[in-house]
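Asks: Need coordinates for the following:
(2 chains)
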Amino acid sequence: MTDYKNHLLVCGGTGCKAAESDEIKKSFNEVIDELGMEDETQVVFTGCFGFCEKGPIVKVLPDNTFYVNVKPEDAEEIVKEHLIKGRQVQRLLYKDPVTEEKISDSKSMDFYKKQMRIALRNCGFINPESIDEYISRDGYQALGKCLGEMTPEETIKEVKDSGLRGRGGGGFPTGLKWEITRNVESDQKYVVCNADEGDPGAFMDRSILEGDPHSVIEAMAICGYCIGADTGLVYIRAEYPLAIERLKTALNQAREYGLLGEDIMGTGFNFNIDIRLGAGAFVCGEETALIHSMEGLRGEPTFKPPFPSVSGFLGKPTNVNNVETFANIPVILNKGASWFNKIGTEKSKGTKVFALAGKINNVGLIEVPMGTTLREVIYDIGGGIKDGKEFKSVQTGGPSGGCLTKDFLDTPIDYDNLIAAGSMMGSGGMIVMDEDDCMVSIARFYLEFTLEESCGKCSPCRIGNKRLHEILDAITKGNGKEEDIERLKLLSNVIKDTSLCGLGQSSPNPVLSTILNFEDEYLAHVTDGKCPAGQCKALLKYEIIEDLCTGCTLCFRNCPVGAISGERRQPHYIDQSLCIKCGACYEKCKFNAIKLS
Amino acid sequence: MTKIKSVADLRKIKEEVQSKIKLRENSDHAEQLVQVKVGMATCGIASGAKETMKYFVEELEQQAIDAVVTQTGCMGYCYAEPTVEITLPGKDPVVFGYVNKDKAQEIIDVYIKRGELIDGVIPITFKTIDE
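Replies: Okay, here's the model as predicted:
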């Protein structure tokens, strides 16, 4: 085995590559060869460190020194000073923006450790099909502690003190929900885990169930102990077959160990968990609709109150929490409420998992403390916008949320700030958009989704959203009128005010927030007949620039609808009334003689 | 499986598993034992993690390399699936992205057998609850 003394890790992420990291690696290798150090030092490219703003980044192992803004000509100094003489190159170290101190060890850098994994603590770390591995990571300790040493009231107090709020979207305080359900007198109560993850682009609940199913099982048992329930139900969509399989395996293992069933750990507490499969309807993430679906009825919401805590599954008090909420519970009880509530902001404690998607380099699952800014998430963790394009907007909260502009990049993310900014936390989907995304089309996309998913029970949602969609569709097809914008706003507000459940009450949010933040883009569509992002096909216009056209007839031969005419060696012409904006001519032209406007 | 009848039983299992893992890490033969974790959530499997895992199991066996290949959940690097974490004895774990058969072969030949890193290592960028 080759035993290198040092490793030089050069960032090979898109951002750093654009800033000559290829050259940096090359000059490192040259210097190392020259000094005959190739047997003790290896230079490798890594994936993106996420901290592209300070790139290119070079990390030296084993001492973890982190150099920022490295240039190819710095290679020699790093090798000669750091590797040979053991002295760090001070000028290339990262300077903390607040304290102005230079930090060399990447492990103590804020930006490098922006992520904190609580709910995802075991995902990608343990084998999800081994209960022993879960137990070796303090698994079921919290359950043992509660059953053995704490009363249900004490446990609820701990959850309340932690400040944990529901991670499914609404942000209702979890401890309070447990307390309310506990205080209702009943011969039978239920614990329900809402695993009906419906937001397009959100997949943290699936990942937790696939990567760490026992954390949810343990938390449900703790909840059962607290509220006085002996039955738990996981409502999960049938579209998550792997999560269901892993959950079943985990349930069987827990039963075999006696961690579910009768007289758990000799304490006299009984608890069992069953699975209920849903058909993957978005509205069934709403708790009353979810309960109806579990009862075998249509997945339609009903008016609250009565809340499920009072009258839920089969008319009995039912505590419904989301997967990610449950996954936080064992850690809170093991480490204590005072450990947990130090993380996050004043009113939003702990961390939140986000699913980064869209035009961002590091698409994936991340978990950050509440209060982290969008800029940190997108640029420091997400690695910035793909292909070096301009950031335009980020959509949070799924079809119920809104689009935030660059003005909100420095807003700390928590429940209340996102609502104040016209969006919401939702389940944590984050879709990043760049300059090429048309906001009217985005709003139309989300409306399309709500149209499909509306259960049809109440007319504002069933008919109102249909009308919203029609207007948006007309605008993107070039048939919009200026007064449409006012109509959209009016209709949106009526739908929000008069719909029965959360789906309808929030479905116009993407429309309202895009009008609020990107009104000029709507205006460009309806008054100038232009789509600034160049996305709305009907509004595009392909034209031939006479001076550049050589009359080669290539476009004429490739036009599928015969909209192009002209004599050989003479400038050609596109008949706009026939053009279907397919772009074939634009792609084929060898002389850049076709312009898009 | 024996039932866990008390908190003490639970602790015992915890200690047993932990010491088993420790033994694995510190044993005299440790220089031979390699740990391979393959990210096998839906995202990983959709990108071919099953084939990758199968390849590691077969290839390591064929080459008589003493290794433990296990599955794990999503590591969060969805852009680079399938992802694989390799822990060489006495070293920090290293995560590799985009691990198809060719890359798996390269990891075995270059990293596992020779201890040399390969381009494309994914830096770990999060804090754990134990810190």
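Asks: wait, what's in contact with whatever residue of chain B ends up closest to chain A?
Replies: Taking Cβ to the nearest Cβ as the measure, chain B has B:G73 as its residue closest to chain A, at 1.8 Å. (Each C-beta comes from the backbone N, C-alpha and C, glycine too.) Taking Cβ atoms under 8 Å, 6 or more residues apart in numbering or on different chains, we find B:G73 in contact with A:122-126, A:128, A:207-208, A:210-212, B:39-41.
Asks: excluding its backbone neighbours, what's nearest it?
Replies: Nearest non-adjacent residue to B:G73, counting by Cβ to Cβ, 6 or more residues apart in numbering or on different chains: A:G211, 1.8 Å away.
Asks: what do you get for A:A593?
Replies: A:L548 (3.7 Å).
Asks: Give me the neighbour count for residue 61.
Replies: Looking at chain A here, since you left the chain open. The number of residues packed near A:L61 is 16, by other Cβ atoms under 10 Å in any protein chain shown.
Asks: my bad, chain B
Replies: B:E61 is flanked by 12 other residues according to other Cβ under 10 Å.
Asks: So it, which state does it fall into?
Replies: Secondary structure for B:E61, judged by DSSP: H, G, I helix; E, B strand; the rest coil, is helix.
Asks: separation between it and B:P89?
Replies: 18 Å (Cβ to Cβ, to the nearest Å).
Asks: Can you list the low-confidence ranges for the stretch 451-597 of chain A?
Replies: Scanning the stretch 451-597 of chain A for pLDDT under 70 picks out nothing.
Asks: buried set for the helix ranked longest in chain B?
Replies: The single longest helix within chain B, with elements called by DSSP state H, is helix B:7-26. By neighbour count with 16 or more other Cβ atoms under 10 Å in any protein chain shown, helix B:7-26 contains the buried residues B:7, B:9-10, B:13-14, B:17.
Asks: Identify, from the residues you listed, the entry nearest to A:F408.
Replies: Using Cβ to Cβ, B:K14 is the member of those that lies nearest A:F408, at 44.6 Å.
Asks: okay, the closest one: pLDDT?
Replies: Model confidence at B:K14, expressed as pLDDT, equals 89.
Asks: returning to that earlier point: give the burial count for the residue nearest to B:G73, as a bare number.
Replies: Considering only other Cβ under 10 Å, A:G211 is surrounded by 30 other residues.
Asks: what's the distance between it and A:E483?
Replies: For A:G211, the distance to A:E483 equals 51 Å [Cβ to Cβ].
Asks: Next: A:L8.
Replies: To A:E483, A:L8 is 63 Å away according to Cβ to Cβ.
Asks: coming back round to it: other residues contacting the helix or strand following the longest helix of chain B?
Replies: Counting by DSSP states H and E, the next helix or strand C-terminal to helix B:7-26 is strand B:34-39. With Cβ under 8 Å, 6+ apart as the contact definition, strand B:34-39 has outside contacts at A:124, A:127, B:24, B:44, B:49, B:52-53, B:56, B:60, B:65-75, B:77, B:81-89, B:93, B:99, B:112.
Asks: Quick check, A:Y240 in contact with A:G198.
Replies: No. A:Y240 is beyond contact range of A:G198, at 11.4 Å (criterion: Cβ atoms under 8 Å).
Asks: circling back: tell me which of the contacts of strand B:34-39 fall in helices.
Replies: Reading helices off the contacts of strand B:34-39 with DSSP H, I get B:24, B:44, B:49, B:52-53, B:56, B:60.
Asks: now those in TSV, with pLDDT?
Replies: TSV is the format used below for the ones in helices among the contacts of strand B:34-39 (pLDDT from 0 to 100):
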residue	pLDDT
B:R24	58
B:G44	90
B:A49	93
B:T52	95
B:M53	94
B:F56	94
B:L60	91
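Asks: Return the distance of stretch A:370-385 from the chain's centre.
Replies: Stretch A:370-385 sits 12 Å away from the centroid of its parent chain (Cα atoms, centre = their mean, to the nearest Å).
Asks: Contacts only, for A:D436.
Replies: Neighbours of A:D436 in contact, by Cβ under 8 Å, 6+ apart: A:359, A:389, A:533-535.
Asks: Residue ranges of each domain in chain A, please.
Replies: Per the record, chain A has its domains at A:6-112, A:131-338, A:351-434, A:439-526, A:541-596, by automatic domain parsing.
Asks: What is the burial count for the nearest residue to A:E519 once chain neighbours are set aside?
Replies: Distances taken as Cβ to Cβ, 6+ apart place A:I485 nearest to A:E519, at 7.1 Å, with adjacent residues excluded. Close neighbours of A:I485, defined as other Cβ under 10 Å, add up to 19.
Asks: Not counting residues beside it along the chain, what's closest to B:G97?
Replies: Spatial nearest neighbour of B:G97, chain neighbours left out: B:A80 (2.8 Å); criterion: Cβ to Cβ, 6+ apart.
Asks: That should have said A:I126, apologies.
Replies: With Cβ to Cβ, 6+ apart as the criterion, A:I126 has its nearest non-adjacent residue at 4.0 Å, and that residue is A:E133.
Asks: Now name the helix or strand holding that neighbour.
Replies: helix A:131-136.
Asks: elements contacting that helix?
Replies: If contacts are counted by 3 or more Cβ pairs under 8 Å, 6 or more residues apart in numbering or on different chains; DSSP states H and E, helix A:131-136 sits against helix A:213-227, helix A:241-256, helix B:7-26.
Asks: so how far is A:S393 from the spatially closest residue to A:T405 that is not a sequence neighbour?
Replies: Nearest residue to A:T405, sequence neighbours excluded (Cβ to Cβ, 6+ apart): A:N517, at 4.7 Å. Distance, A:N517 to A:S393, using Cβ to Cβ: 7 Å.
Asks: Is there a neighbour count for A:L260? I'd like the number.
Replies: A:L260: 24 neighbours (other Cβ under 10 Å).
Asks: That one contacts A:A254, correct?
Replies: Yes. The pair A:L260 and A:A254 qualifies as a contact (Cβ under 8 Å) at a distance of 4.4 Å.
Asks: who does A:H7 bridge with?
Replies: For A:H7, the beta-bridge partners under DSSP bridges are A:Q42, A:L61.
Asks: Mind pulling the model confidence for it?
Replies: pLDDT recorded at A:H7 is 84.
Asks: if we can go back for a sec, now for A:L260 and A:A254: what residues contact both?
Replies: Shared contacts of A:L260 and A:A254, counting by Cβ under 8 Å, 6+ apart, come down to A:I217.
Asks: Narrow the contacts of strand B:34-39 to just the buried residues.
Replies: By 16+ other Cβ under 10 Å, the contacts of strand B:34-39 give A:124, A:127, B:44, B:49, B:52-53, B:56, B:60, B:65, B:67, B:69-75, B:77, B:81-89, B:99, B:112 as buried.
Asks: got the buried residues for stretch B:104-123?
Replies: Neighbour-count burial for stretch B:104-123, with 16+ other Cβ under 10 Å as criterion, is recorded at B:104, B:106-108, B:111-112, B:116-118, B:120-123.
Asks: which residues touch the residue in the stretch 451-597 of chain A that chain B sits nearest to?
Replies: Closest approach between the stretch 451-597 of chain A and chain B, counting by Cβ to the nearest Cβ: A:E453, at 21.3 Å. Shown in contact with A:E453 (Cβ under 8 Å, 6+ apart): A:198, A:281-283, A:399, A:503.
Asks: Counting neighbours, what do you get for residue 38?
Replies: Picking chain A for this. 13.
Asks: wait, chain B
Replies: The burial count for B:V38: 24, using other Cβ under 10 Å.
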